[in-house]
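1. kindly return the folded structure for what I paste below:
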Amino acid sequence: MQLLTIGLLGGALILYLSSLNWRRSVKTALIIALLEGALRKWMFPQASELIYFLKDFILVGAYINYFYIYKRKYKKQPLSRYQFITILICFAAIWCVFQAFNPSLGSPIIGLFGLKNYLLYIPLIWIVPFLFDSEESLYRFLRAYLLTLIPIGLLAIAQYLSPSSSPLNVYVQDHSTGIAQFGEAVRVTGTFSYIAGYTTYLLVCFTLLLSQLTRKQSSLWFGLTLVELCLIVVTSIMTGSRGLLIAFALILIGYFGVLGVTNVSNLSRSIQKVLIPMLLVMGLAIFRFGAAIEALWSRGGNSQDVLPRIANSFTQVSHFFQYKLLDGYGTGATFQANSAIRQLFHLPRGEIIPVGYESEMGRIALDLGPIGFFIWYGLKLALVFALWKTYRKLKRPFLQQLALLSFWLQSVTFTNQLVYNHTAGLYHWFIFGFIFLLPRLEQLQNWQVFYQLQVNNQASTFPGSHQA
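-> As a prediction, this is how the structure comes out:
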């Protein structure tokens, strides 16, 4: 309890500091997401549970500063274009709060942690639209953030080349199971606590990096982009994740497929800027890290469960509904840390869930029941649809490509972990904010161009303006 008290005092201090500047705090949370696992695994393992909530305190401080100071001062209304998204978010929040007090949980404290998992990152969809003031500032931030791929990727390669007993290859206070391996090598995690966090990071960076390739860059930054792309491909193989590579392929197929149908002129340009570098990087990966590819191929070839697992994530939902009918077991009932929370607060066990679960869809079905399940996935479907509409309305090439790639990222990962993978929750709700950010940046750019034309026209009317 002493550690908990220290954590609460530290959290209050972080909350205050982060409430001073919401823009800086949101960007800091994105950086903390990269360092959190390293802090928990290597630097402060005794404070692992407290560090887990570090970025959450930072974000809450940012929310306070934005909604109670900035938004009131400037009267920002970013969601006027898609009011149905706001309505669905409200319905989802109401149902999650209702289920947080479900008696099956044994204690509403479990429900409060469940609410954190479901709802904490949703406000990013309102904040991100005002996080950047121009297309250039967004591009520069993404460019700088993607540079983190270099040290994290090099660390992952070092993990792959090290034995499973190496201090580099540890999880967060997990002594119950050994380090995951494929073939003779470990499945790398980079600076993240577990494999899932690192694969989420790689997939998001892959999507953002493709958008960078579509924009004109200097030779230096183009070279760095290729290095980053190479590290993504190589270390993705080293994760041993078949799903990650399938997601890469689906995003590329969807991206080029849409361009081929809707924008043929951009298709040829994107093939030159995106597909050719991708093929070069894949060729280098095959040449230099053939052993990792062979191990991954062997893992995939020896497993016949990929398609059944995908199909099961859909079919098990209706089966899970039968246990509680229109009700669920409560918000957060399937949270993997519930046993530790019950032990820390001396909480009753609650109702036992009589079935195993792994996929996100199955967990949502058990937590929220059929009503909450359809509200939640209706919200996600509406967000994906809004990303598509955003892509169709944009005209500026970089913003348009970023919207299209974001659409495919969210579509491909529609059934993936979002609630119970806190890294995915942070990144995906940040990207959902592009629905409102990208049109705003295009509008600002158009206003700037219009204003400049007006200034030039006025200047040309003054006497002597055409003189040499």
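
2. isn't Cys116 up against Asp56?
-> Residue 116: Lys, not Cys. Yes: using C-beta atoms under 8 Å, Lys116 makes contact with Asp56 at a distance of 6.8 Å. C-beta coordinates here come from the backbone N, C-alpha and C atoms, glycine included.

3. for the stretch 101-250 of the chain, which segments count as helices?
-> In the stretch 101-250 of the chain, the helices defined using DSSP state H, counting those that start in this stretch lie at 108-119, 124-127, 135-146, 149-161, 195-213, 219-238, 242-262.

4. now the ones you listed in TSV, with distance to Val455?
-> Compiled in TSV, the helices of the stretch 101-250 of the chain are given as follows (distance: least, C-beta to C-beta, whole Å):
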stretch	distance to Val455
helix 108-119	46
helix 124-127	32
helix 135-146	20
helix 149-161	41
helix 195-213	31
helix 219-238	31
helix 242-262	35
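
5. please name the residues that touch Thr207.
-> 251, 405-406, 408-409 (C-beta atoms under 8 Å, 6 or more residues apart in numbering).

6. cool, and Gly111?
-> Neighbour list for Gly111: 99-102, 105, 330-332 [criterion: C-beta under 8 Å, 6+ apart].

7. relative to Gly369, how far out is the nearest residue to it once chain neighbours are set aside?
-> Distances taken as C-beta to C-beta, 6 or more residues apart in numbering put Ala100 closest to Gly111, at 3.0 Å, once the chain neighbours are dropped. Distance, Ala100 to Gly369, by C-beta to C-beta, to the nearest Å: 13 Å.

8. which one of the helices of the stretch 101-250 of the chain lies nearest to Gln445?
-> Closest to Gln445 of these, according to C-beta to C-beta: helix 135-146, at 5.7 Å.

9. gap between that closest one and the chain center?
-> 16 Å (C-alpha atoms, centre = their mean, to the nearest Å).

10. tilt between it and helix 195-213?
-> Counting by axes from the mean of the first three to the mean of the last three C-alpha atoms, to 10 degrees, helix 135-146 lies at 140 degrees to helix 195-213.

11. show the pLDDT at the closest residue to Ile157 other than its chain neighbours.
-> Once flanking residues are discounted, Ile157 sits nearest to Thr235: 6.5 Å by C-beta to C-beta, 6+ apart. Thr235 is assigned 92 on the pLDDT scale.

12. list only buried entries from the contacts of Thr207.
-> 251, 405-406, 408-409 (16 or more other C-beta atoms under 10 Å).

13. need the contact list for Gly106.
-> Contacts of Gly106 by C-beta under 8 Å, 6+ apart are 342, 347-351.

14. let's see it at 10 Å
-> Going by C-beta atoms under 10 Å, 6 or more residues apart in numbering, Gly106 touches 330, 333, 338, 342, 347-351.

15. dihedrals phi and psi, the nearest residue to it once chain neighbours are set aside?
-> In space, and not counting its chain neighbours, Gly106 is closest to Gly350: 2.7 Å by C-beta to C-beta, 6+ apart. In terms of degrees, to the nearest 10, the main-chain angles of Gly350 are phi 80, psi 180.

16. and Gly350, how far is that from Gly372?
-> Applying C-beta to C-beta to Gly350 and Gly372 gives a distance of 18 Å.

17. what does Thr415 give?
-> 16 Å.

18. likewise for Asn456?
-> Distance from Asn456 to Gly372, by C-beta to C-beta: 56 Å.

19. re the thing from before, which one of Gly350 and Gly372 has more residues nearby?
-> Gly372 (24 against 18; other C-beta atoms under 10 Å).

20. residue contacts, that one?
-> So Gly372 contacts 91-92, 94-96, 98-99, 118, 326-328, 331, 364-365 (C-beta under 10 Å, 6+ apart).

21. mind giving me the PyMOL select for those, buried ones only?
-> Only the buried entries of these go into this PyMOL selection, using 16+ other C-beta under 10 Å:
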select buried, resi 91+92+95+96+98+99+118+327+328+331+364+365
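
22. show me which positions of stretch 218-225 end up buried.
-> So, applying 16+ other C-beta under 10 Å, buried residues of stretch 218-225: 222, 224-225.

23. neighbouring contacts of it?
-> When contacts are defined by C-beta under 10 Å, 6+ apart, stretch 218-225 is touched by residues 143, 146-147, 149-150, 209-210, 212-213, 215-217, 273, 277.

24. which members of these define the maximum pairwise distance?
-> Applying C-beta to C-beta across those, the maximum distance is between Ile150 and Lys216, 21.8 Å.

25. the two: who's more crowded?
-> The residue with more neighbours, out of Ile150 and Lys216, is Ile150; 13 against 9, by other C-beta under 10 Å.

26. distance check, that one against Met238.
-> Counting by C-beta to C-beta - Ile150 and Met238 are separated by 15 Å.

27. kindly report the same for Phe414.
-> 26 Å.

28. more neighbours: which of the two?
-> Met238 (26 against 15).

29. wait, the more buried one touches Ile157, no?
-> Yes: applying C-beta atoms under 10 Å, one finds Met238 in contact with Ile157, separated by 7.1 Å.

30. who's in contact with the helix or strand harbouring Leu344?
-> In the assignment (DSSP states H and E), Leu344 maps to helix 338-345. Helix 338-345 is contacted from outside by 1, 3-4, 49, 105-107, 109-110, 112-114, 173, 332, 335, 337, 347-350, using C-beta under 10 Å, 6+ apart.

31. what's the mean pLDDT across that helix?
-> Here the average pLDDT along helix 338-345 is 90.
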